[in-house]
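**Student:** A structural model of the following input is requested.
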Amino acid sequence: MDKFRRVLIHLTQEVDKNVTPDELVDLAVERTGAERGMLLLRRSVDSELELASARNIDRESVRGRQARLPWTLAMRVVETQSALLLGDAQADAVVPPSESAMDLGLRSVLAVPVWFQGEVAGVLYVDSRFLPDAFSQQDAKLLETMADFLRVYLWRAQALRLLADSEARGNNLSSELEQLRTQLNSLQRLVDASSGNQRQQVQEVSQRRFAPILGESPPMLRLYSIMDKIVQTDITALILGESGTGKELVAQALHSYGRRAPHPFVALNCSSIPANLIESELFGHVRGAFTGALREKPGLFEVADKGTLFLDELGDMPLEMQGKLLRALQYGEIQPLGSVVTKKVDVRCVAATHRNLEEMVAQGSFREDLFYRLNTVTLTVPPLRKRQEDIPLLVNHFVEENRRSGISQVKGITPAALMTLMRYPWPGNVRELETTIKSACLFADGTMLDVADFSTLQRSTTIVTTGSGMEIEGRTLAEIEKEVILETLKRNKGNKKKTARDLDIDRRTLYNKLAIYNME
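**Tutor:** Down below sits the predicted model:
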């Protein structure tokens, strides 16, 4: 195992233009007992697979007839985004008649996807022509771990290549260089965490550009760039993103780092207020305006005067209220419910939604004029599966936060557990990760979180083998997610609280998913 770790760490730390992945393929062949191994990579999302390395059991490059590639099997891994484990490739129904499995003489096959920036960038593959059932699930897990380290290798190689190119262009690109160094530092933290170095400390929030937002991945850097341009303005902003990505944190940062920071930041979740009360919440009411209005109440526009009003889940606002909101934004004045007098307010409005407002406009469920009024600047908060290199930073932050608050004495996480978190798709995004880490810290037996502390996630990352498990060929991730949610809800006889607990997501995320499926 020492040799195994040494080779993997070498691949992630000694990256330059002369280093090739041959050593990793050699290790895959040796550790699985395969006859040969291959690494196939894509130059871009739309390009074809290309052979990067082909090695045999004698640690030699495969040539001639032996170098013939199992393209159909490799493309199956790319299309299903899942590992492929065949006990007898000649007899398995997954191999189409056009595939030359008989010609190649294949018996046992094991292939896993290589992920890079949220996409399948390649395939790590081993096979054997002589032994059926030569590979086990343990071999598959081992190959997945190698693929994870190869992803780190690709991240570092890309960052170093971009950094070298930028330095060659001269001093006028200093800003771009700083961004690339930030990316490289983030990748180095991932390497350190994967090789067992848990002594890295989470940077203080005050040192970050938009505290308490965490993340230094390319998608987050793009988000920061847009925030930089509008933070000192009063421009209305629309924040888009899935539930749990941190849209409210972005809104708070725009307020806290802007010129309205000394004044109130007021938030309203439009999905949590009944339709008949939302007008009163926003604009206030006078005494006697409706039954139960015993005293005058200021609305949130008035409370947020000279500050920022954050309207979360704006897509859930009733259509009849949208016109009144539009008037308040355009003219800077409100009329409390039951009053004939208007009031001037000075409010910066920031809105957020996980819904597709353009589709809602086309369907007539959202006002087009309000959409364009709010959509002056759009900020998209990336889902966690698109910024996986930020996971080590977030995990260490949440662990340290739990330790400081006295929830647990956990100080870090093992490399194997971190890899488990890196492979999980996180449908509930950062909120789900935070909840998962808090739960793991609460019930952990030691001071380091290990794989066993994430048993629920392990079930979610089980390899799909041919001939068993859920049928996923030709289906999108959203379709598979929907089936899992609805099946779990059915099994729990409609009990949403238990369903959310079984799926390890919060109830709000579940409700949002069911709303998308029109099953509220």
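**Student:** From now on I want contacts and neighbour counts done on CA atoms only, so please keep to that.
**Tutor:** Noted.
**Student:** Strands of the stretch 201-350 of the chain, residue ranges please.
**Tutor:** With DSSP state E, counting those that start in this stretch, the ranges of strands along the stretch 201-350 of the chain come out as 237-240, 265-269, 284-285, 297-298, 308-312, 333-334, 343-344, 348-353.
**Student:** Parallel or antiparallel, which strands does the second one pair with?
**Tutor:** Partner strands for strand 265-269, per DSSP bridges, with pairing direction: strand 308-312 (parallel).
**Student:** returning to what we had before: taking the strands of the stretch 201-350 of the chain together, which one is wrapped up most tightly?
**Tutor:** Stretch with highest mean neighbour count among those: strand 308-312 (a mean of 26; mean count of other CA atoms under 10 Å).
**Student:** relative to strand 348-353, how tilted is that one?
**Tutor:** 10 degrees (axes from the mean of the first three to the mean of the last three CA atoms, to 10 degrees).
**Student:** What's the mean pLDDT across strand 308-312?
**Tutor:** Mean pLDDT, strand 308-312: 95.
**Student:** okay if I get the strands of the stretch 201-350 of the chain as TSV plus distance to residue 256?
**Tutor:** Below are these laid out as TSV (distance: least, CA to CA, whole Å):
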stretch	distance to residue 256
strand 237-240	15
strand 265-269	8
strand 284-285	25
strand 297-298	23
strand 308-312	10
strand 333-334	24
strand 343-344	23
strand 348-353	13
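**Student:** so is residue 409 in a helix, a strand, or just coil?
**Tutor:** Secondary structure, DSSP: H, G, I helix; E, B strand; the rest coil: residue 409 is coil.
**Student:** On the pLDDT front, check residue 505 for me.
**Tutor:** pLDDT, read off for residue 505, is 76.
**Student:** now do the one 3 residues further on
**Tutor:** Taken from the predicted model, the pLDDT recorded for residue 508 is 73.
**Student:** Could you say which helix or strand holds it?
**Tutor:** helix 507-516 (DSSP states H and E).
**Student:** buried residues in the helix or strand hosting residue 402?
**Tutor:** Assigned by DSSP H and E, residue 402 belongs to helix 391-404. For helix 391-404, the neighbour count (16 or more other CA atoms under 10 Å) marks 391, 392, 393, 394, 395, 396, 397, 398, 399, 400, 402, 403 as buried.
**Student:** Make CSV out of those and add distance to residue 431 and pLDDT.
**Tutor:** Compiled in CSV, the buried residues of helix 391-404 are given as follows (distance: CA to CA, whole Å; pLDDT from 0 to 100):
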residue, distance to residue 431, pLDDT
391, 12, 92
392, 15, 91
393, 14, 91
394, 11, 94
395, 12, 94
396, 15, 92
397, 13, 92
398, 11, 94
399, 14, 94
400, 16, 92
402, 14, 91
403, 18, 91
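**Student:** can you list the residues you listed in CSV and add distance to residue 353?
**Tutor:** Converted to CSV, those look like this (distance: CA to CA, whole Å):
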residue, distance to residue 353
391, 24
392, 27
393, 26
394, 23
395, 26
396, 28
397, 26
398, 25
399, 29
400, 30
402, 29
403, 33
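**Student:** out of those residues, who's nearest residue 246?
**Tutor:** Checking the buried residues of helix 391-404 against residue 246 with CA to CA, the nearest one is residue 394 at 12.4 Å.
**Student:** on that earlier part again, show me the one of the strands of the stretch 201-350 of the chain that comes nearest residue 226.
**Tutor:** That would be strand 237-240 among the strands of the stretch 201-350 of the chain, by CA to CA, at 10.6 Å.
**Student:** And for the closest one, what's in contact with it?
**Tutor:** For strand 237-240, contacts defined as CA atoms under 8 Å, 6 or more residues apart in numbering pick out 247, 250-251, 349-355, 374-381.
**Student:** what distance separates it from the centre of its chain?
**Tutor:** Offset of strand 237-240 from its chain centre (CA atoms, centre = their mean, to the nearest Å): 18 Å.
**Student:** Can I get it in CSV, CA atoms only?
**Tutor:** Only the C-alpha atoms of strand 237-240 are listed here, as CSV (Å, rounded to 0.1, in the frame of the first residue of the first chain):
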residue,chain,number,x,y,z
ALA,A,237,-29.5,41.8,-9.4
LEU,A,238,-31.1,38.4,-10.1
ILE,A,239,-29.4,35.5,-8.5
LEU,A,240,-30.0,32.1,-10.1
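**Student:** Enumerate every residue touching the most centrally placed residue in the chain.
**Tutor:** Per CA atoms, centre = their mean, the C-alpha nearest to the average position across the chain is that of residue 384, at 1.7 Å. By CA under 8 Å, 6+ apart, the contact list for residue 384 reads 245, 391, 425, 426, 429, 430.
**Student:** before we move on, what about residue 370?
**Tutor:** For residue 370, counting by CA under 8 Å, 6+ apart, the contacting residues are 322, 323, 326.
**Student:** Could you give me the buried positions within stretch 373-391?
**Tutor:** Quick answer for stretch 373-391 (16+ other CA under 10 Å): 373-375, 377-391.
**Student:** hmm, back to that, report the two of the buried residues of helix 391-404 separated the most.
**Tutor:** Farthest apart among the buried residues of helix 391-404 - using CA to CA - are 391 and 403, which lie 18.1 Å from each other.
**Student:** Next, residue 500: secondary structure please.
**Tutor:** helix.
**Student:** That one contacts residue 510, doesn't it?
**Tutor:** Yes. With contact defined as CA atoms under 8 Å, residue 500 reaches residue 510; the gap is 6.2 Å.
**Student:** who's more crowded, these two?
**Tutor:** Neighbour comparison, residue 500 and residue 510: the larger count goes to residue 510, with 23 against 19 (by other CA atoms under 10 Å).
**Student:** just to revisit the earlier point, possible to save the contacts of residue 370 as TSV with pLDDT?
**Tutor:** Below are the contacts of residue 370 laid out as TSV (pLDDT from 0 to 100):
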residue	pLDDT
322	93
323	92
326	93
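**Student:** Pull out the buried members of those residues.
**Tutor:** 322, 326.
**Student:** As TSV, the contacts of residue 370 with distance to residue 488 would be great.
**Tutor:** Below are the contacts of residue 370 laid out as TSV (distance: CA to CA, whole Å):
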residue	distance to residue 488
322	36
323	40
326	41
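**Student:** Which single one of the contacts of residue 370 is nearest to residue 442?
**Tutor:** For the contacts of residue 370, the nearest to residue 442 is residue 322 (43.7 Å; CA to CA).
**Student:** what's the spacing between that closest one and residue 372?
**Tutor:** Distance from residue 322 to residue 372, counting by CA to CA, to the nearest Å: 12 Å.
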